[in-house]
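> Need a 3D model of the following:
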Amino acid sequence: MLGMMFTEKECKEFDYLLRKEMDEMLLDMSDRRLDGPVKEAITKRYKIIFRMYARIAPPRELSRYATGLRSQR
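Below is the predicted model:
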């Protein structure tokens with residue numbers, strides 16, 4: 001396990017980066033032009049980033065992205 005310490009400003013930036021990355025992946029997963037293996041790779045990556053986000057996100061924000069995770073099964 002790796003530990004990191006962030007300032008408040010860095011934590012907000014990290015939060016922003018993770019949210020934007022998940023938003024992009026949700027868009028990609030809903031794209032019908034992408035085939036199965038590509039969507040599967042995006043879904044795996046989404047799960048990893050979602051777990052990272054879950055460590056810093058408030059429950060209200062977390063539920064927004066958890067819904068996206070459930071709809072991709």
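> going forward, measure contacts between C-alpha atoms and count neighbours the same way
Fine.
> what does the longest helix seen in the chain contact?
Here the longest helix in the chain is taken by residue count, with DSSP state H as the criterion, and it is helix 8-29. Counting by C-alpha atoms under 8 Å, 6 or more residues apart in numbering, helix 8-29 makes contact with 34, 39, 42-43, 46, 49-50, 53, 56-57, 65, 68, 72, all of which sit outside it.
> Filter those residues down to the ones in helices?
Counting by DSSP H, the part of those found in helices is 39, 42-43, 46, 49-50, 53, 65, 68.
> Which of these has the largest number of neighbours?
Neighbour counts for these peak at Y46, which has 23 neighbours (criterion: other C-alpha atoms under 10 Å).
> So for that one, what pLDDT did the model give?
Y46 is assigned a pLDDT of 94 by the prediction.
> on that earlier part again, for the ones in helices among the contacts of helix 8-29, work out which two are farthest apart.
Taking C-alpha to C-alpha as the measure, those reach their widest spread between K39 and Y53, a distance of 20.3 Å.
> ok so, going back, now distance to L2 too, for the contacts of helix 8-29, in CSV please.
Putting the contacts of helix 8-29 into CSV (distance: C-alpha to C-alpha, whole Å) gives the following:
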residue, distance to L2
L34, 34
K39, 29
I42, 24
T43, 24
Y46, 20
I49, 15
F50, 17
Y53, 16
I56, 15
A57, 19
Y65, 24
G68, 27
Q72, 29
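> now, which of those residues sits nearest M4?
Distance to M4, by C-alpha to C-alpha, is smallest for I56 among these, at 12.4 Å.
> Which residue is the nearest non-sequential neighbour of that closest one?
D15 (7.2 Å; C-alpha to C-alpha, 6 or more residues apart in numbering).
> From P37, how far off is that neighbour?
When C-alpha to C-alpha, to the nearest Å is applied, the distance between D15 and P37 equals 28 Å.
> These two - which one has more neighbours?
Legend: neighbour count by other C-alpha under 10 Å for D15 and P37, higher for D15 (17 against 9).
> The residue lying closest to I42 once chain neighbours are set aside: how many residues sit nearby?
Of all residues not flanking I42 in the chain, M25 sits nearest, at 6.5 Å (C-alpha to C-alpha, 6+ apart). Using other C-alpha under 10 Å, M25 has 18 other residues around it.
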